[in-house]
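Chemist: Please find the sequence and the predicted model below.
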Amino acid sequence: MNSKIKCVIFDLDGTLVNTIIDLGRACDYLLRNSGIEPRWTESDYKAFVGNGAKILVSRAFSGKLSPEELEKQYSVFKVKYNAIKMENAYVYDGMLDVVNAIKSSETKVAVCTNKPDAAAKGMVEALFGAEVFDVIVGAADDLPKKPDPAMPNKILTKLNVSADECIWIGDSTVDLESAKNLGCKSIAVTWGFRSVETLLECGPNYVVNSPKEILDVFKKI
């Protein structure tokens, strides 16, 4: 690992773990309970995610929920998704090796995700182990979500590192905007929920097509 980088911040959904099936299933559950036959495809849900669970729910209902209705559906979503979140989720092939390689170089590893905090911590610990990541920061209702820098700043404070000592790895425009807002470099991964064209429009510092290429990037920094 490059000694200039002291912390690697990973996005979760679409970067470390493929979660799209169960996110979609939880939304379909809400729709059916509301008398609406689900019509969204997996590709649709990939386009809906990235800005937090509440916005995902709103998009699943085509933005037609009142603020009060949205809060009710969001509350149900959190319970339902937390119950099923591990049924189809899996770590992308090669990502566990990448995380372990980075950590073995004495570089801090963190997760910053707009997934609800409890669901994020439970998923990461189940799939990677309880002691792998130094910090996991998920969404809380009293904290602005990515791309606002509030969430990653919690990571910097806890790990006592500066933004220019970090690099952000993610699969969405939200992650690339988050890196810019935080003031750190970014690596865009192409196996997640956004197209390469969409990612390139955000001007990432690096683009990788497989997990093993992440380690190659650190040799160039």
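Modeler: Cool, the structure landed. Residues are numbered from 1 along each chain as shown.
Chemist: who's in contact with Ser162?
Modeler: Contacts of Ser162 were listed using CB atoms under 8 Å, 6 or more residues apart in numbering, and they are Leu156. In short, each C-beta sits where N, CA and C put it, glycine included.
Chemist: Could I get the buried residue list for stretch 71-91?
Modeler: When neighbours are counted by 16 or more other CB atoms under 10 Å, the buried residues of stretch 71-91 are found to be 73-74, 77-78, 80-81, 85-86, 89, 91.
Chemist: Tell me where the longest helix sits in the chain.
Modeler: With DSSP state H applied, the helix covering the greatest number of residues in the chain is identified as helix 67-84.
Chemist: could you dump that one to PDB, C-alpha only?
Modeler: Output of helix 67-84 as PDB, limited to C-alpha atoms (Å, rounded to 0.1, in the frame of the first residue of the first chain):
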ATOM      1  CA  PRO A  67     -44.500  13.200   3.800                       C
ATOM      2  CA  GLU A  68     -46.600  11.500   6.400                       C
ATOM      3  CA  GLU A  69     -47.200   8.400   4.300                       C
ATOM      4  CA  LEU A  70     -43.500   8.200   3.400                       C
ATOM      5  CA  GLU A  71     -42.500   8.200   7.100                       C
ATOM      6  CA  LYS A  72     -44.900   5.300   7.700                       C
ATOM      7  CA  GLN A  73     -43.700   3.300   4.800                       C
ATOM      8  CA  TYR A  74     -40.100   4.000   5.600                       C
ATOM      9  CA  SER A  75     -40.600   2.700   9.200                       C
ATOM     10  CA  VAL A  76     -42.000  -0.500   7.800                       C
ATOM     11  CA  PHE A  77     -39.300  -0.800   5.200                       C
ATOM     12  CA  LYS A  78     -36.500  -0.600   7.900                       C
ATOM     13  CA  VAL A  79     -38.100  -3.500   9.800                       C
ATOM     14  CA  LYS A  80     -38.800  -5.600   6.800                       C
ATOM     15  CA  TYR A  81     -35.400  -5.100   5.100                       C
ATOM     16  CA  ASN A  82     -33.500  -5.700   8.300                       C
ATOM     17  CA  ALA A  83     -35.300  -9.100   8.600                       C
ATOM     18  CA  ILE A  84     -34.400 -10.200   5.000                       C
END
